[in-house]
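> Sequence first, then the predicted structure, then my questions.
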Amino acid sequence: DQKVFFWVVVIMIMLTIWMIRRLSVRRPGRAWEAIRQDEDAAELMGVPTFKYKMWSFTLGAAVGGAAGVLYGSKNLFVAPEMFTLNVSILILACVVFGGIGNIWGVVLGASILAYLPERIRFISDARQVIFGLVLIIMMNLRPDGLLPRKKREKIEAKRTM
């Protein structure tokens, strides 16, 4: 049933977003932020970088595995040929287009990049070229994505003023 599957996907997405947001404001989130900024400095400050890197890898693999289970249950068949280079590039483009580090930016970027190619399908020959040009123009106008992540430095600078 399509409605049940839709609601299962929506619930899984919301649970994933809730989990990531809860983790990002606690010790693991601060550790991941420190590791992203400067791994050596984080290690010197006492952050066990190996442990937190393994946790991030494990959580990412778990979310990817859950998405794979949903995808496989929808298609009833999974083969390596289904995941071409174009699919990998599109997924990365969704993250960069929306804004790295902002969950809602990634959701917006994925929504737009899922919708845009279908809207220009009538231009069958030049569709990929136009899609690429839109991405290049967007990255030149907004290099941090549609919804860039808030930088803590700016927030802390405003607090001190």
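Cool, got the structure.
> low-scoring stretches of the chain, by residue?
Where the chain drops to pLDDT under 70, the residues are 151-161.
> all helices of the chain, in order?
2-24, 27-37, 39-44, 49-75, 85-98, 103-119, 127-141, 152-160 (DSSP state H).
> could those helices be laid out in a markdown table, adding mean neighbour count?
For the C-beta atoms, the positions are set from N, CA and C on the backbone; glycine is no exception. Converted to a markdown table, those look like this (neighbours: other C-beta atoms under 10 Å):
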| stretch | mean neighbour count |
| --- | --- |
| helix 2-24 | 12 |
| helix 27-37 | 15 |
| helix 39-44 | 13 |
| helix 49-75 | 13 |
| helix 85-98 | 15 |
| helix 103-119 | 15 |
| helix 127-141 | 13 |
| helix 152-160 | 9 |
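> what sits against Ile112?
Counting by C-beta atoms under 8 Å, 6 or more residues apart in numbering, Ile112 makes contact with Phe97, Gly98, Leu146.
> now, among those residues, which is nearest to Glu43?
Closest approach to Glu43 among the contacts of Ile112 (C-beta to C-beta): Gly98, at 30.5 Å.
> Can you give me the separation between the closest residue to the closest one other than its chain neighbours and Cys94?
Sequence neighbours aside, Gly109 is the residue nearest to Gly98 in space, at 2.3 Å (criterion: C-beta to C-beta, 6 or more residues apart in numbering). Distance, Gly109 to Cys94, by C-beta to C-beta, to the nearest Å: 5 Å.
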